[in-house]
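**Q** Quick one: sequence and predicted model below, then my questions.
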Amino acid sequence: MGTLTGRTALVTGGSRGIGRAIAERLGGDGALVAVHYGRNARAADEVVGAVRAKGGTAFAVRAELGGTGGVETLWEGYDRQVLEHSDSTGLDILVNNAGITPRGEIEETTVEAFDEAVALNMRAPFFLAQQGLQRLRDGGRIINISSGATRIALTDIIAYAMTKGAVDAFTLTLAKALGGRGITVNSVAPGIIDTDMNASWLRGNEAAERSAAALSALGRVGRPQDVADIVAFLACDDARWVTGQVIDATGGSRL
């Protein structure tokens, strides 16, 4: 039996990149995984298929979290579909991973881009947790995906860093609020990860890859699995005494 057998997890933004790696890892550890996606149904179905191919159970649920009513749509879809695989709408692990990275110095950041980042990176995790509390079982886990940009000043993603700083504050306070139920709340803060989101400037560009690798004390660019393994630890019983923390997952970038 896996370390998460009998538990149910919801991973937002689970159709690609870090989210996909998390969904596949949690599914491999025995959890029933709800793979949230915004638009790319094919990618989400691939993740579901990958989990099932390894003997796990998963289903995809669609919702555009940045828009009005997106959180409600996600939970409605979750409630409906989880009952096809379980006898309860209860949830054990909520991973708030979905997000966007608007690029631009402060002078270049538009109101529209800023508001979009706030809606998806900040508002959605807050109300997903709020509306998920009635489903989240005592002793559960909330894991928020933050960013190393809250520790390292990167002026070309200033709006993104600001939203992730809010996520870390949310993590700290929510951990205090839910501690009485035995629910732990933690953030995981990745650095540069080789995902589709970074593909345009990282992949196929040897100079960019060398520069990114040099930022890490470990001398390489991060992989989605590096982050997924940390999330898997926080989701399991071994992490029962860890809460309200930001776990640096940058590979020691700019120490």
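**A** Yep, it's here.
**Q** ok, residues contacting stretch 99-117?
**A** For stretch 99-117, contacts defined as Cβ atoms under 8 Å, 6 or more residues apart in numbering pick out 13, 66, 120-121, 145, 155-160, 163-164, 197. C-betas here are computed from N, CA, C, even on glycine.
**Q** Is it correct that D79 is in contact with L91?
**A** No: applying Cβ atoms under 8 Å as the test, D79 and L91 come out as separate, 10.0 Å apart.
**Q** Next, show the common contact partners of the two.
**A** The contact sets of D79 and L91 overlap at R135 (Cβ under 8 Å, 6+ apart).
**Q** between those two, which one's more packed in?
**A** Residue environment comparison for D79 versus L91 gives the larger neighbour count to L91, 24 against 12, counting by other Cβ atoms under 10 Å.
**Q** Contact partners for the closest residue to that one other than its chain neighbours?
**A** Of all residues beyond its chain neighbours, the one nearest L91 is R135 (4.4 Å), with distances taken as Cβ to Cβ, 6 or more residues apart in numbering. By Cβ under 8 Å, 6+ apart, R135 lies in contact with 75, 78-79, 89-91.
**Q** again, only this time at 7 Å
**A** 89-91 (Cβ atoms under 7 Å, 6 or more residues apart in numbering).
**Q** Which residue, other than its chain neighbours, is closest to I193?
**A** Ranked by Cβ to Cβ, 6+ apart and with sequence neighbours excluded, the top spatial neighbour of I193 is G222, at 4.3 Å.
**Q** backbone phi and psi for that neighbour, please?
**A** Main-chain torsions, G222, degrees, to the nearest 10: phi -70, psi 160.
**Q** And D194, by the same measure?
**A** Note on D194: backbone dihedrals following degrees, to the nearest 10 are phi -80, psi 90.
**Q** isn't it right up against D226?
**A** No: with contact defined as Cβ atoms under 7 Å, D194 does not count as touching D226 (9.7 Å).
**Q** so which two of the contacts of stretch 99-117 are the farthest from each other?
**A** Set against one another by Cβ to Cβ, the contacts of stretch 99-117 have their most distant pair in G13 and T155, with a gap of 25.0 Å.
**Q** in terms of contact, does A124 touch V71 like I think?
**A** Yes: taking contacts as Cβ under 7 Å, A124 lies within contact range of V71: 6.1 Å.
**Q** which residues are common contacts for the two?
**A** Taking Cβ under 7 Å, 6+ apart as the contact rule, A124 and V71 both touch L65.
**Q** Can you point out the helix or strand that includes R137?
**A** Taking DSSP states H and E as the definition, R137 sits inside strand 136-145.
**Q** What's the first helix or strand after that strand?
**A** Read in the C-terminal direction, the helix or strand following strand 136-145 is helix 158-178, with elements assigned using DSSP H and E.
**Q** re earlier: minimum pLDDT in the contacts of stretch 99-117, which residue is that?
**A** Across the contacts of stretch 99-117, the bottom pLDDT score, 76, is held by M197.
**Q** List the residues that contact it.
**A** In this structure, M197 makes contact with 17, 101, judged by Cβ under 7 Å, 6+ apart.
**Q** Distance of it relative to T171?
**A** 22 Å (Cβ to Cβ, to the nearest Å).
**Q** ok, now R210?
**A** For R210, the distance to T171 (Cβ to Cβ) stands at 33 Å.
**Q** same thing with D156?
**A** Using Cβ to Cβ, which is the criterion applied here, D156 is 25 Å from T171.
**Q** again with T8
**A** To T171, T8 is 21 Å away according to Cβ to Cβ.
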